[in-house]
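*Asks:* okay, predicted coordinates and the sequence, questions at the end:
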Amino acid sequence: MDLKSNHNSPVLTDPVPLNKSRLGMTSGLIPYSSPGQAFSSGIFLTVPRRKPIPSKLDDVRASGWLDAMKSSSPPRKKLSKDLGIDFVSEEEVAYRSWALKYPSAITSFEQIISNANGKRIALFLDYDGTLANIVVDPERAFMTNAMRAAVRNVAKYFPTAIVSGRPRDKVYKFVGLTDVHYAGCHGMDIVSPVRETMSIANHPNCIRSIDKQGKEVFLFQPANEFIPMIDEVFRSLIEKTKDVEGAKVENNKFCVSVHYRNVDEKVWPAVAQCVHEVLKDYPRLRLNYGRKVLEIRPIIDWNKGKAVEFLLESLELESEDVLPIYIGDDNTDEDAFKVLREKNRGYGILVSSFPKETNAFYSLRDPSEVMEFLKSMVRWKKSTAALSFPSLRVFSGKASSVDAELSTELDAVSSFSEIVPDTVVFDDFERFPPTAATSAIETALADSECYEQKDPSLRLSCFFNRALVNVGADLARLVPGRVSTEVDAHLAYDTHGIVRKVHELLKLYNDVEVPAERLLFKIPSTWQGIEASRLLESEGIQTHLTFVYSFPQAAAAAQAGASVIQIFVGRLRDWARNHSGDSEIEAAVKKGDDPGLALVTKTYNYIHKNGYKSKLMAAAVRNKQDLFSLLGVDYIIAPLKILQSLKESITYPDEKYSYVRRLSPGSAMAYHFTEEELQKWDQIKFTTAMGPGAEQLLAAGLEGYVNQTNRLEEFFGKIWPPPNV
Ligand SMILES: O=P(O)(O)OC[C@H]1O[C@H](O[C@H]2O[C@H](CO)[C@@H](O)[C@H](O)[C@H]2O)[C@H](O)[C@@H](O)[C@@H]1O
């Protein structure tokens, strides 16, 4: 910042972005400083206006302003291709030589990643000009659906925050993603997770609040006391500029933006004059130059750079093992670039299609390149790690198709819960005959170890295991997440039989080079299955407990440390419609709740309130209403027809925000559990507490699995021996 003391101005300004003087006038600028001359010149008379605008600029200080207004808002660069000329323009040559100093983050992607050197990357993204193209109307600076999908995807893998000049709620309306953090008003309006040890936790302007998802958060608004002043300045500026055609004043709560994008350049001095006249009475406010915008903000030692430091600390990302990357296009983003450069941590990436002095390390030309960069980050992460959970059943389809970049209801719900498609191809293996469909099964049938088995049942079991693993391995190659393999349902009541089977399958997976971290083993939630899960999890093997229809099963599964717990919402509802005598189901119905949805809610709250590591999956979701009622649960398995409908229904920004997170760690804390519910479950308590609903549904589920297995074995029996054996 530099204090313009030579003109007794009370106004502090940020440095002019290019190396031009702010005090002298550059040639070609309108001589507006001469009293009485500016608005009587023909130049100004050409501008249509209702009333005469202020007739003179009585202070040469404004000349420095104009310089800055021009240099921070260079005209749109004409590309040679725009002009239909097939040569490299002078501007392009200049850009390319500038880019030698600030190389493209896309072409330098490998270098950026290798410099990360195993560190965790945290992303900070500016909004206007970075995630959304600059447009004439600031109220319509929407980001594209493709960009929203890119940000949503990148945020799945890297902690991501949006740091904008706009108020937090406004930028949230544009972005509409719940899994990113937001800092608005150049960092003067931040919400972050509560971290007691933060030095700033005791700052009077750092208060505890509850966010939209019901989570306790810090709300840090260091310029709180300026709100009335900003409001006053906003009203004065509206009044002052009302006759300046095209000028627009925006109240950003802790700062005011005066836009001159739509003002004839010849009238820019009038804009400068209006702002100057208002600002001179407010020594505690300063001026900053953005892209065709004059921003008035409080003189406090706070900016986007400080906001990044704040977020790094509150998100527990301040360690040396974290590499922050900040992407932004405007002068205010320079504060963030500077912090990263000076602290020798991470990189700034400037979004600019023209050469510009910057503290960033790399560059991107425009938001479309930003999107490319974000997508590269996701591709890179997906290729190096299997972190997400897109596919559960070993026989499921390609979950990655759900990642399609659409602004649909699917986008909206996906920001709350991970939606997993439920396609069970081999449940219906007669319609999808393996002979036609899978080399996986042919390979299993050709397995010499198997066909050398004399005992037909051992031979069958061998084929079966091989086929499962072959298909699982194929899926593991197709999807980036974990693949869940069902453990033979005949073993549902045999803890050690399950453990042995999982070990066998793991060995086979190991033979085909699928590592254990890519796998889940799906086990029915009998007491014996839950015990097997406990043993396997203690060895670091991930289990997926299925057929959960009651709270005792869910609680025991969480206590066993199951990685995933799967509840079947619709099946419980169906049972309740046709049966009675189950106290847990009846208690839910009496309260007016759906028993399936109630069980998911209670289990989610139980897991979160008690700090269990399990993730919760809702299955047998029958319609969209079920899905909306469960937003916030970790995974929702949805039938393809629901996915299709979600994908085909377009949501408009306002509707999107009406989607409400139903389950959140915050609301889990408020849920009351009885002592009995919180007890340590053992086999006797478990068996006694399980009602007829769960017993019958579990039995039916097992029967279904056993039937499937029998049919598949029968099928193998029929095609054995294959002609070439
Ligand atoms: O920090 P940011 O997220 O980049 O916000 C900075 C300012 O962005 C908006 O103005 C800019 O974008 C408008 C829409 O494209 C454009 O019309 C304007 O000329 C740009 O300056 C926003 O309206 C400002 O309040 C923000 O301060």
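*Replies:* It's in. Numbering: from 1, shown residues only.

*Asks:* phi and psi next, for A619.
*Replies:* Dihedral angles of A619 (phi, psi; degrees, to the nearest 10) stand at phi -120, psi -180.

*Asks:* distance check, the nearest residue to it once chain neighbours are set aside against G529.
*Replies:* Nearest non-adjacent residue to A619, counting by CB to CB, 6 or more residues apart in numbering: I637, 4.3 Å away. No exception for glycine: its C-beta is placed from N, CA and C like everyone else's. I637 is 19 Å from G529, where distance means CB to CB, to the nearest Å.

*Asks:* residues of the stretch 301-450 of the chain that sit close to the ligand?
*Replies:* Within the stretch 301-450 of the chain, the positions adjacent to the ligand are 330, 332 by CB under 6 Å from any ligand atom.

*Asks:* tell me which residues in the helix or strand harbouring A694 are buried?
*Replies:* Using DSSP states H and E, the element containing A694 is helix 692-719. Buried residues in helix 692-719, counted by 16 or more other CB atoms under 10 Å: 692-694, 697-698, 701-702, 705, 708, 712, 715-716.

*Asks:* what's the next secondary structure element after the helix or strand where the residue nearest to A619 lies?
*Replies:* I637 belongs to strand 635-639 when elements are defined using DSSP H and E. Proceeding N to C from strand 635-639, the next assigned helix or strand is helix 640-648, under DSSP H and E.

*Asks:* in that following helix, what counts as buried?
*Replies:* By 16+ other CB under 10 Å, the buried positions in helix 640-648 come out as 642-643, 645-647.

*Asks:* and what of stretch 487-505?
*Replies:* Residues of stretch 487-505 classed as buried: 487-489, 491-492, 494-495, 497-499, 501-502, 505 (neighbour count, 16+ other CB under 10 Å).

*Asks:* now the strands for the stretch 351-500 of the chain?
*Replies:* Counting by DSSP state E, counting those that start in this stretch, the stretch 351-500 of the chain has these strands, from start to end: 362-364, 418-422, 483-486.

*Asks:* among those, which is nearest G129?
*Replies:* Closest to G129 of these, according to CB to CB: strand 362-364, at 10.9 Å.

*Asks:* distance between the closest one and the chain's centre?
*Replies:* Offset of strand 362-364 from its chain centre (CA atoms, centre = their mean, to the nearest Å): 22 Å.

*Asks:* list the helices and strands it packs on?
*Replies:* The contact analysis (3 or more CB pairs under 8 Å, 6 or more residues apart in numbering; DSSP states H and E) places strand 362-364 against strand 347-351, helix 367-384.

*Asks:* buried set for the last one?
*Replies:* Of the residues in helix 367-384, 367, 369-378, 380-382 count as buried by neighbour count, 16+ other CB under 10 Å.

*Asks:* which one of the strands of the stretch 351-500 of the chain lies nearest to V151?
*Replies:* It is, among the strands of the stretch 351-500 of the chain and with distance given as CB to CB, strand 362-364, at 14.5 Å.

*Asks:* got the contact list for that closest one?
*Replies:* Here strand 362-364 makes contact (CB atoms under 8 Å, 6 or more residues apart in numbering) with 98-99, 102-106, 108, 112, 327, 347-352, 370, 372-373.

*Asks:* just the buried members of the residues you listed?
*Replies:* Neighbour counting with 16+ other CB under 10 Å marks 98-99, 102, 104-106, 108, 112, 327, 347-352, 370, 372-373 as buried within the contacts of strand 362-364.
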